[in-house]
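> predicted model follows, preceded by the sequence.
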Amino acid sequence: MATDGRRQRGDASRRALLAAASQVIVADGVDALTHRAVAEGAGVPLARVSYHYPKIDDLLFAAATDYLDRFDDRLRDLVEAARVGRRSIVDVCTDFLLELVTVRSAEFLGMVEVRLALHRRGRTVDELGAVGIIRSFGADQRRAQSIVAAMFGYAVLAATAPEPATRSQVRTYVRSILGGLT
């Protein structure tokens, strides 16, 4: 099957623009996100950003969706590795949450800011991936949603705390909210 070079270039261009948008958001916040800032960050002409994302809201939505897709992929990879290596869901969630609130905290908080900005503009981003992953360990829909919400709230608090969370603190929290899932 022949590949369409224009489609490949367009996909590569969108990936570069989303990476640049994420960098702007993480470094300077949602208010700093402009077509010009993204064009400069991606090293492309301003018109290319406007072509792919005519409105800043389009760019915000695409950046949030891209982040959540990568978030879910990372969690799925950890869960799969856990299943093969016979690690518990507590260990997997601890590793994931600790990474999220320490080495990836700026990116996580940037995407929290994006989520709030989109909400204020009447747009929402669905993120059901983590709920499905928790459900795969035996939780029903309501409990899985509660667990994900509790982890999200904890992540916001831990990522904004004056001192970084320790593995022990995160593990204790994860064990308390997962209570009995294996």
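Here it is on my side, so go on.
> tell me, how many residues neighbour residue 41?
By the other C-beta atoms under 10 Å criterion, the neighbourhood of residue 41 contains 18 residues. Every residue, glycine included, has its C-beta placed from N, CA and C.
> please, which helix or strand holds it?
helix 35-42 (DSSP states H and E).
> report the buried residues of that helix.
Using 16 or more other C-beta atoms under 10 Å as the test for burial, helix 35-42 gives 35, 37, 38, 39, 41, 42.
> between the lengthiest helix in the chain and helix 35-42, how many degrees?
Assignment by DSSP state H gives helix 56-85 as the longest helix of the chain. Angle, helix 56-85 to helix 35-42, by axes from the mean of the first three to the mean of the last three C-alpha atoms, to 10 degrees: 40 degrees.
> how about helix 56-85: buried residues?
56, 59-64, 66-68, 71-72, 75, 78-79, 82.
> for stretch 105-121, same thing?
Result for stretch 105-121 [16+ other C-beta under 10 Å]: buried residues 105, 107, 108, 109, 110, 111, 112, 113, 114, 115, 117, 118.
> in helices only, show me those residues.
Per DSSP H, these map to helices at 105, 107, 108, 109, 110, 111, 112, 113, 114, 115, 117, 118.
> could you dump those residues to CSV with distance to residue 165?
Converted to CSV, these look like this (distance: C-beta to C-beta, whole Å):
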residue, distance to residue 165
105, 9
107, 16
108, 12
109, 14
110, 18
111, 18
112, 16
113, 20
114, 22
115, 21
117, 26
118, 27
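> got those as JSON lines, with pLDDT and distance to residue 23 columns?
Below are those laid out as JSON lines (pLDDT from 0 to 100; distance: C-beta to C-beta, whole Å):
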{"residue": "105", "pLDDT": "94", "distance to residue 23": "15"}
{"residue": "107", "pLDDT": "91", "distance to residue 23": "9"}
{"residue": "108", "pLDDT": "91", "distance to residue 23": "14"}
{"residue": "109", "pLDDT": "94", "distance to residue 23": "14"}
{"residue": "110", "pLDDT": "92", "distance to residue 23": "9"}
{"residue": "111", "pLDDT": "89", "distance to residue 23": "13"}
{"residue": "112", "pLDDT": "91", "distance to residue 23": "16"}
{"residue": "113", "pLDDT": "92", "distance to residue 23": "14"}
{"residue": "114", "pLDDT": "90", "distance to residue 23": "13"}
{"residue": "115", "pLDDT": "88", "distance to residue 23": "18"}
{"residue": "117", "pLDDT": "91", "distance to residue 23": "17"}
{"residue": "118", "pLDDT": "89", "distance to residue 23": "18"}
